[in-house]
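A.B. asks: Whatever this is, show me its structure:
(2 chains)
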Amino acid sequence: AQKITQTQPGMFVQEKEAVTLDCTYDTSDPSYGLFWYKQPSSGEMIFLIYQGSYDQQNATEGRYSLNFQKARKSANLVISASQLGDSAMYFCAMREEDDKIIFGKGTRLHILP
Amino acid sequence: DTEVTQTPKHLVMGMTNKKSLKCEQHMGHRAMYWYKQKAKKPPELMFVYSYEKLSINESVPSRFSPECPNSSLLNLHLHALQPEDSALYLCASSQGQGSEKLFFGSGTQLSVL
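C.D. replies: You can find the predicted model right below:
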């Protein structure tokens, strides 16, 4: 069964608009972590943001914020004021208690000028 | 030093060859990972080492043989690979349980002829 679900294979967004990338997860571990990574066409995996299951507040890192809704098991990434350089593949990932870190299928984001 | 270094960056090998991929980190991280990524797909977890011991093997075929000679070094030995094994092989490390993120290397692009 898929543990990380990203339902948007591709998205097109106008530059300077905010964008929300969806991620839902499934785990029975009480302690887990959720990540978002960006992978541009060059191939490197760039860490964006992290949310721990016990964190009381939603994580923010500059233009990135994570909308963590624990009861709904969702961890959506919000990018404010999108830029052309944000065009890339975005992966949601989850770490469970055994150090296993698995990735969702990803969302390809295209920022339009 | 916050880098994970992978060598070589590119590798072409025949199905009868034996080759090795190398990964190095000097951040004192206790967990090291191998992922395989096919084009337009998410990284797939292959192996996890924790404190230099193999802790997770995701049912990877025996033609892939991991090795962790010390806490800074991770190898992936390749033998009798198939063309379908052609992919980007990513190494990553993390502080371990409760850590915030995986640090990724830039990967080895492997082609099996």
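A.B. asks: From now on I want contacts and neighbour counts done on CA atoms only, so please keep to that.
C.D. replies: Fine.
A.B. asks: Mind listing the residues bridging to the residue nearest to B:Asp85 when sequence neighbours are not counted?
C.D. replies: Spatial nearest neighbour of B:Asp85, excluding adjacent residues (C-alpha to C-alpha, 6 or more residues apart in numbering or on different chains): B:Val112 at 6.8 Å. Judged by DSSP bridges, the bridge partners of B:Val112 are B:Met13.
A.B. asks: Tell me how many other residues crowd B:Lys22.
C.D. replies: By the measure other C-alpha atoms under 10 Å in any protein chain shown, the count of residues near B:Lys22 is 19.
A.B. asks: List the contacts of it.
C.D. replies: If you count contacts by C-alpha atoms under 8 Å, 6 or more residues apart in numbering or on different chains, B:Lys22 has them with B:6-8, B:73-76.
A.B. asks: That one: which element?
C.D. replies: B:Lys22 is part of strand B:18-25, with elements assigned from DSSP states H and E.
A.B. asks: per-residue confidence at the residue nearest the centre of chain B?
C.D. replies: With distances taken as C-alpha atoms, centre = their mean, B:Trp34 lies nearest the centre of chain B, 3.1 Å away. Note on B:Trp34: pLDDT of 97.
A.B. asks: Likewise for B:Phe104?
C.D. replies: 94.
A.B. asks: and the nearest residue to A:Ser31 once chain neighbours are set aside, what is it in contact with?
C.D. replies: Leaving out its chain neighbours, the residue that sits closest to A:Ser31 by C-alpha to C-alpha, 6+ apart is A:Ser53, at 5.8 Å. With contact set as C-alpha under 8 Å, 6+ apart, A:Ser53 has these partners: A:30-34, A:70.
A.B. asks: A:Ser53 and A:Leu66: what is the separation?
C.D. replies: If you measure A:Ser53 against A:Leu66 using C-alpha to C-alpha, to the nearest Å, the figure is 12 Å.
A.B. asks: do B:Gln6 as well
C.D. replies: Between B:Gln6 and A:Leu66 the computed distance is 30 Å (C-alpha to C-alpha).
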